[in-house]
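> Quick one, fold the following:
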Amino acid sequence: MKVDGLPRAVTSSVLAALPSSLLDAAARVGPLVPYYHIVSDAQVRHVRHLYSYKSTREFEADLEFLLRRYSPIALPDLLDSLRNHRRLPQKSVLLTFDDGFREMSDIVAPLLRAKGVAGTFFVNTAFIDNHEMCYLNKASLLIDEIDRRGSRSVTERVQQALRSRGLSGGSPAKVIRSITYRQRQLLDELAAVIDVDVQSYLARHEPYLTSDQVRTLIRDGFAIGAHSVDHPLYADLALEAQLYQTLESVTSIRRAFGLHYGAFAFPHSDRLVSRQYFERVAASGLLDVSFGTSGILTDSAPNHFQRFSLETPREPAERIVAFQLVRRVAKQLSGAATIHR
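Predicted coordinates:
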């Protein structure tokens with residue numbers, strides 16, 4: 001596997017020659033900000049066809065590694081550092097979780113509490129209380145339903161519906177996964193074709209956090225941030241639509257839960273988001289800190305931090321962090337460790 005052209009074989013050879021302390025020092029980064037989407041021992045129908053995710057045992061092993069090597073901080077620690085120019089602990093790490101799945105309340109928060117670790121949960125305002133389903137989760141649910149039925153007639157109906165809408169070029173699962181945010185209404189049409197009742201699924205399974213669960217997380221000392229209204233890819237949006245997605249969701253979260261801070265994590269990524277966007281958001285006064293997903297890199301936008309996934313690939317945190325650190329060192333040597341807006 002390669003990331004930005006750097007093979008994992010290179011990572012392995014570098015790690016064999018460098019102690020972890022030297023690698024941390026060479027990378028010169030802080031805090032580390034990893035993210036997860038979900039932790040579960042179950043086959044979660046609305047997620048399992050999108051990306052890999054870790055079991056509770058794997059997640060606990062990740063936490064144990066992070067606690068051995070790093071100093072966990074909470075979002076208020078980071079905000080205090082930004083506002084008052086205070087230094088964070090050396091080798092600090094801020095754990096974050098995207099998409100606001102109910103597993104944050106049922107599984108993740110109890111595991112974090114047991115180990116005394118803080119967490120920041122980013123939620124989409126359209127999905128709180130399970131009124132709507134993210135188009136990505138609809139795609140996974142539809143693929144799962146097609147697989148469950150295993151019916152040639154169902155597959156043929158789906159293929160015909162996709163072709164009639166100009167979508168082809170692979171298996172139904174591959175084509176469904178390729179449906180974009182702008183095409184998301186097609187997923188509702190496909191659901192009707194194969195009689196999948198999304199609203200009933202939402203009511204029965206409650207895949208997302210409820211407002212009461214969010215309030216409980218806040219009472220338990222966890223931080224909450226916004227993750228846009230309904231999870232678009234910002235690179236596909238005009239500037240005004242980007243600003244709406246961010247400011248509307250941050251405003252809604254702050255008002256609904258009485259927060260005195262504004263935190264935001266980009267859905268998908270912040271690729272191609274302009275300096276003008278960050279200037280307009282800063283001028284609003286609503287947002288204190290934001291996060292991207294480009295790995296362990298520095299960003300030229302003020303108070304904007306890049307994160308890395310601890311789910312993909314599905315490897316132990318120790319290997320993922322090591323690879324990300326080596327990647328950063330390689331980018332430092334090539335002068336590409338900072339994202340310029």
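> Just the pLDDT at the closest residue to residue 208 other than its chain neighbours, thanks.
Closest residue to residue 208 apart from its sequence neighbours, by CB to CB, 6 or more residues apart in numbering: residue 127 at 4.5 Å. The C-beta positions use only the backbone N, C-alpha and C, and glycine is treated the same way. Predicted confidence (pLDDT) for residue 127: 98.
> tell me the phi and psi of residue 127?
With angles defined as degrees, to the nearest 10, residue 127 sits at phi -100, psi -10.
> ok, it - contacts?
For residue 127, the residues meeting the contact criterion (CB atoms under 8 Å, 6 or more residues apart in numbering) are 99, 100, 133, 134, 208, 230.
> Which member of these is positioned nearest residue 155?
Closest approach to residue 155 among these (CB to CB): residue 133, at 22.6 Å.
> And what about that closest one, helix, strand or coil?
Recorded secondary structure, residue 133: coil (DSSP: H, G, I helix; E, B strand; the rest coil).
> how about the nearest residue to it once chain neighbours are set aside, what does it touch?
Using CB to CB, 6+ apart and skipping the chain neighbours, the partner closest in space to residue 133 is residue 198 (5.4 Å). Listed by CB under 8 Å, 6+ apart, the contact partners of residue 198 are 133, 138, 141, 188, 191.
> what helix or strand is the second one on?
Residue 138 is part of helix 135-149, with elements assigned from DSSP states H and E.
> chain center to that helix: distance?
The gap between where helix 135-149 is centred and where its chain is centred comes out at 20 Å by CA atoms, centre = their mean, to the nearest Å.
> Report the distance from the helix or strand just after that helix to the chain centre.
For helix 135-149, the following helix or strand on the C-terminal side (DSSP H and E) is helix 152-164. Centroid separation for helix 152-164 versus its chain: 32 Å, with CA atoms, centre = their mean.
> Go through helix 152-164 and flag the buried ones.
Burial within helix 152-164, assessed by neighbour count using 16 or more other CB atoms under 10 Å, is assigned to 154, 155, 157, 158, 161, 162.
> Same list (those residues) but as CSV, adding pLDDT and distance to residue 244.
Output for those, formatted as CSV (pLDDT from 0 to 100; distance: CB to CB, whole Å):
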residue, pLDDT, distance to residue 244
154, 92, 38
155, 92, 38
157, 93, 36
158, 94, 33
161, 94, 31
162, 94, 30
